[in-house]
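Colleague: pasting a predicted model and its sequence here:
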Amino acid sequence: MYTFDDSGKSLGIAVRRSRLLSVRVISSWAASRSAMKENGHREILATILDTTRECVIVAGADSRISGWNEAARLAFSPNLSPEGRRISEVLRDLDLHEAFRRALEDGVESEIRLETNGGDRKFDVHVSPLDLGGEREAIAFFYETTRLDRLEVVRQEFLSNISHELRTPLTSILAFVETLEDGGIDDEGNSRRFLGVIRRNAERMNSLIADILELSQIEAGRVAVEPKMVDLGSLVNEIFTALGSKADSRDVTLRSAVGEGVRVFADARRLEQMLVNLIDNAIKFNRTGGEVNVSHERQGDIDLISVSDTGEGILPEHLARIFERFYRIDRARSREMGGTGLGLAIVKHLARLHNGDVSVESELGKGSTFRIELPAPAK
């Protein structure tokens, strides 16, 4: 609680919820102190409010608004001046109205939670009594938490998904280890089969952890790209060689329509990582006897690299979320194919590190096309 009067001692403003806000308030007051006597309390208060990025509302008798800053007007009353209106007319929240009443009548501070626009925006609100030259008013600071709340939801979902994805292979490993311990190891045929299952699940866990670490490094800004001119045709052929046995095992044909000498401006290792993810998915989710086609097209100042398959296609409702972490169209099939659910999220982030993007188009029964967009080098 900071209090100032004409000599700097009786303007009560509660700012304990925000250290940054208190610093801004004090700095504004200090800069205006020499004008205190000439302008009076309310002008100084207006100066302070105008320098505050948080929404601030001041109310007097009958909870009628007597002061606000631009942030509050834009957030709560963009089309009509809030001056002279009751708090309950601008913000229809009983807890907020009660907090102002307690500050005005009882001189009591309150902290409440406020949601506006049907819950689209969320605030922590601190309401405190305010003394201006003997007049009892109340001041409310609105600390928006919308983004933090959304991040917390994402964090909780992420942790839930990680625990679920790790638990599935771990359960399988423990079950087969227990079987081996109970005598299954004496049966050579079964023991080899069980050990194969354990290995596959351990490899799946290793891949998941590697992808989680990779994605966390990218999202934390710890991954830098070093673009240079890359021979796209040669890179695609190298990937086809590496994934050829997997394609053969699923009777999928790999085709490249990338012209000879086509070069794109990208980090070679990261571009390879993106293409491996997309081509590997195109093989896994293709039909027997299907094809995977990789092509390139220059559109203005953009290089488009397309990876198309002839699989079942993707329902429209899945397209908007397909690049989200752990989002799977068919969870059972994805686990059977060995995916971690993070590959497309990594592709999206790597493309954006190049100041590019990735998109998808799909038609049911005909297949899907994923496109990496990269800025083309200036000629």
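Modeller: Now that the structure is in, tell me what you want to look at.
Colleague: pLDDT weak spots in the stretch 51-200 of the chain?
Modeller: Where the stretch 51-200 of the chain drops to pLDDT under 70, the residues are 132-134, 184, 186.
Colleague: over to the stretch 201-350 of the chain?
Modeller: Counting by pLDDT under 70, the stretch 201-350 of the chain shows low-confidence ranges at 329-340.
Colleague: partners of the longest strand seen in the chain in the sheet?
Modeller: Using DSSP state E, we find that the single longest strand of the chain is strand 121-132. Looking at strand 121-132 with DSSP bridges, its partner strands are strand 110-116 (antiparallel), strand 135-144 (antiparallel).
Colleague: tell me which of those strands sits most buried.
Modeller: strand 135-144 (a mean of 21; mean count of other CB atoms under 10 Å). The C-beta positions use only the backbone N, C-alpha and C, and glycine is treated the same way.
Colleague: list the buried residues for the next helix or strand after that one?
Modeller: Going down the chain from strand 135-144, the next helix or strand is helix 146-181, by DSSP states H and E. Judged by neighbour count (16 or more other CB atoms under 10 Å), helix 146-181 contains these buried residues: 161, 162, 165, 168, 169, 172, 173, 176, 179, 180.
Colleague: surely the fifth one is in contact with residue 207?
Modeller: No: contact status for residue 169 versus residue 207: not in contact, 9.9 Å apart, counting by CB atoms under 8 Å.
Colleague: on that earlier part again, would you turn the strands paired with strand 121-132 into CSV with distance to residue 97?
Modeller: Listed next are those as CSV, based on distance: least, CB to CB, whole Å:
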stretch, distance to residue 97
strand 110-116, 10
strand 135-144, 11
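Colleague: those: which one's closest to residue 55?
Modeller: strand 135-144 (3.8 Å; CB to CB).
Colleague: so which residues of the stretch 251-379 of the chain form strands?
Modeller: For the stretch 251-379 of the chain, applying DSSP state E, counting those that start in this stretch gives strands covering 253-256, 263-266, 291-299, 302-309, 357-363, 367-375.
Colleague: reformat those as CSV; add distance to residue 194.
Modeller: CSV is the format used below for these (distance: least, CB to CB, whole Å):
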stretch, distance to residue 194
strand 253-256, 34
strand 263-266, 44
strand 291-299, 34
strand 302-309, 34
strand 357-363, 39
strand 367-375, 36
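Colleague: and of the ones you listed, who's closest to residue 95?
Modeller: strand 357-363 (42.9 Å).
Colleague: what's the average pLDDT for the closest one?
Modeller: For strand 357-363, mean pLDDT is 96.
Colleague: in what helix or strand does residue 215 lie?
Modeller: Of the helices and strands defined by DSSP H and E, residue 215 is found in helix 188-219.
Colleague: buried ones in that helix?
Modeller: 191, 194, 198, 201, 204-205, 207-208, 211-212, 214-215, 218.
Colleague: pull the most distant pair out of these.
Modeller: So, the buried residues of helix 188-219 by CB to CB: farthest apart are 191 and 218, at 40.5 Å.
Colleague: circling back to that earlier point, which of the buried residues of helix 146-181 lies closest to residue 292?
Modeller: Among these, and counting by CB to CB, the member closest to residue 292 is residue 165, at 26.1 Å.
Colleague: measure the closest residue in space to the closest one that isn't next to it in sequence to residue 124 for me?
Modeller: Nearest residue to residue 165, sequence neighbours excluded (CB to CB, 6 or more residues apart in numbering): residue 208, at 5.7 Å. Residue 208 sits at a distance of 36 Å from residue 124 (criterion: CB to CB, to the nearest Å).
Colleague: again with residue 349
Modeller: 31 Å.
Colleague: quick one: which of those two has more around it?
Modeller: Comparing residue 349 with residue 124 by other CB atoms under 10 Å, the one with more neighbours is residue 349, at 20 against 16.
Colleague: go ahead and confirm the more buried one touches residue 220.
Modeller: No: the criterion here is CB under 8 Å, and residue 349 misses it with residue 220 at 10.8 Å.
Colleague: hmm, back to that, just the angle between the longest strand of the chain and helix 146-181, please?
Modeller: If you take axes from the mean of the first three to the mean of the last three CA atoms, to 10 degrees, strand 121-132 sits at 140 degrees to helix 146-181.
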